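Asks: fold the following and give me the result.
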Amino acid sequence: MARLAQPARPGPVAVWLLVCCALIFAMVVLGGVTRLTRSGLSIVEWNPVMGAIPPLTEHQWEAEFEKYRQTPEYLKVNYGMSLAAFKQIYWVEFAHRLLGRAIGFVFLVPFLYFLVRKRIGRELAPKLVTLFVLGGLQGALGWYMVASGLVDDPHVSAYRLTAHLGLAVVIYGYMFWVALGLMYPEGRPTPPGVRRFAWAVTGLVFVTILAGGFVAGTRAGFLFNTWPLMNGRLVPEGLYALHPWWLNWFENVATVQFNHRWLAYAVVLATVALWIAVARAAPAARARTAAHLLLAAVLLQFGLGIATLLTIVPVSLGAAHQGGALLVLTAALFLNHALRKAQF
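Replies: Purely as a prediction, here's the structure:
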């Protein structure tokens, strides 16, 4: 514990955390590509150590392909797929898993270095340990998600997919917040109502991201590809066709997309109201800049969402929309940090 006695040096530690944030951001976007290309079920085993080595010989490729040929996805969706086509989806999933391992390495090694060099203070150390533990849980949750699509139904559970996405967002947001605290240790008081409003908008953004996870998990984005109406109706048919009624929020594709749309509308309206509130509160320049960035990110994400829907979810726009969600969260956290009252 003596190594934790000295306070942190914000510069290099903050840069390291921001690099990790950038890698997590890339991981989330690549996760969207993996889902949209139906690559996530191509590797049927979870081997955290040896899994970092891809097939190197034709015999090894044939062995991996044979494992895939036993899965519901091959039998029900990709029956007759060639080895060359299998390699394409395999490499996407392999890249996703390899990036996850790289994030763990990039986080752990500098952490140990900073710890030995006494650049991590007592208050910071528990936060970093928590991030490392959450990262390990995220890897396990990723496999738990994949496993749901390897038995009977060739689709991963929407619940597990959303949990996997949600935990990634939590890790990213927490790490970014810790980095902000190192870069801007001094707070400047602002009206408490504005601060509460900013956190409420951030919570709404997070809920909207989770709703987007269910859109992805149920493939609801491939239906009702019109805007602003849903196939000519403000309220689509069958909105609450499932019983019990609460299942509609998570499993009824009409309800899932309807909810995501209206949450997005709420985010836009709330962000505009927050932008006005911040302008009237006249806080420090950083807070005003953060409010501008949040409004721009929300409008960009809203446009991306509409474009993704109308073009029936191409891989490029779908992945960009997933990345846009993190941009919105980043701007929201940046604003909250700029408005905070207490010191880090």
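
Asks: how far does stretch 88-99 sit from the chain's center?
Replies: Put simply, stretch 88-99 sits 17 Å off its chain's centre (CA atoms, centre = their mean, to the nearest Å).

Asks: nearest residue to Leu274 other than its sequence neighbours?
Replies: If the residues on either side of it in the chain are set aside, Leu274 comes closest to Val201, at 5.2 Å by CB to CB, 6 or more residues apart in numbering. For glycine as for every other residue, the C-beta is placed from the backbone atoms N, C-alpha and C.

Asks: pretty sure the one you found contacts Val272?
Replies: No - taking contacts as CB atoms under 8 Å, Val201 lies outside contact range of Val272: 10.2 Å.

Asks: show me which of these two is the more surrounded one.
Replies: Counted by other CB atoms under 10 Å, Val201 and Val272 do not tie: Val201 has more neighbours, with 24 against 13.

Asks: what are the phi and psi values for that one?
Replies: Torsion angles at Val201 (phi, psi; degrees, to the nearest 10) stand at phi -60, psi -40.

Asks: now for it: which residues touch it?
Replies: Val267, Ala270, Thr271, Leu274, Leu294, Ala332 (CB atoms under 8 Å, 6 or more residues apart in numbering).

Asks: what about Phe111, neighbour count?
Replies: 20.

Asks: which strand or helix spans it?
Replies: Assigned by DSSP states H and E, Phe111 belongs to helix 83-116.

Asks: which strands or helices does the following helix or strand past that helix pack on?
Replies: Remark: after helix 83-116, the chain's next helix or strand is helix 124-147, criterion DSSP H and E. Packing partners of helix 124-147 (3 or more CB pairs under 8 Å, 6 or more residues apart in numbering; DSSP states H and E): helix 83-116, helix 158-183.

Asks: picking that back up, and the helix holding Phe111, which residues are buried?
Replies: 86-87, 89-90, 92-94, 96-100, 103-104, 107, 110-111, 114 (16 or more other CB atoms under 10 Å).

Asks: what of stretch 181-192?
Replies: Buried-residue list, stretch 181-192, by 16+ other CB under 10 Å: Gly181, Leu182, Tyr184, Gly187, Thr190, Pro191.

Asks: what about that stretch, distance to the chain center?
Replies: 26 Å.

Asks: returning to what we had before: what's the farthest-apart pair in the buried residues of stretch 181-192?
Replies: Farthest apart among those by CB to CB are Leu182 and Pro191. That separation is 25.9 Å.

Asks: so what touches stretch 293-301?
Replies: So stretch 293-301 is contacted by 201, 264, 267-268, 271-272, 274-275, 321, 324-325, 327-328, 330-332, 334-335 (CB under 8 Å, 6+ apart).

Asks: so how do I select the buried members of the residues you listed in ChimeraX?
Replies: To isolate the buried subset of these in ChimeraX, counting by 16+ other CB under 10 Å, use the following:
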select :201,264,267,271,274,275,321,324,325,327,328,330,331,332,334,335
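
Asks: next up, the contacts around Ile209.
Replies: Leu165, Gly166, Val169, Ala325, Leu329.

Asks: for Trp177, state which of those residues is nearest.
Replies: Once CB to CB is applied, the member of the contacts of Ile209 that ends up nearest Trp177 is Leu329, at 10.6 Å.

Asks: hang on, isn't that closest one packed against Gly173?
Replies: Yes - if you go by CB under 8 Å, Leu329 and Gly173 touch, sitting 5.9 Å apart.

Asks: touching both of those two, which residues are there?
Replies: Phe206.

Asks: quick one: low-confidence ranges for the stretch 201-344 of the chain?
Replies: Applying pLDDT under 70 to the stretch 201-344 of the chain picks out residues 341-344.

Asks: quick one, helices of it?
Replies: 248-251, 253-281, 285-310, 315-339 (DSSP state H, counting those that start in this stretch).

Asks: format those helices as a markdown table; extra columns: distance to Thr34.
Replies: Compiled in a markdown table, the helices of the stretch 201-344 of the chain are given as follows (distance: least, CB to CB, whole Å):
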| stretch | distance to Thr34 |
| --- | --- |
| helix 248-251 | 22 |
| helix 253-281 | 20 |
| helix 285-310 | 17 |
| helix 315-339 | 9 |
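
Asks: mean neighbour count, the ones you listed: which tops it?
Replies: Of all the helices of the stretch 201-344 of the chain, helix 315-339 carries the top mean neighbour count, a mean of 22, counting by mean count of other CB atoms under 10 Å.

Asks: what's that one packed up against?
Replies: helix 10-36, helix 158-183, helix 192-218, helix 253-281, helix 285-310.

Asks: minimum distance to Glu237: which of the ones you listed has it?
Replies: Among the helices and strands packed on helix 315-339, the nearest to Glu237 by CB to CB is helix 253-281 (7.2 Å).

Asks: the inter-axis angle of the closest one versus helix 158-183?
Replies: Orientation check (axes from the mean of the first three to the mean of the last three CA atoms, to 10 degrees): helix 253-281 against helix 158-183 gives 20 degrees.
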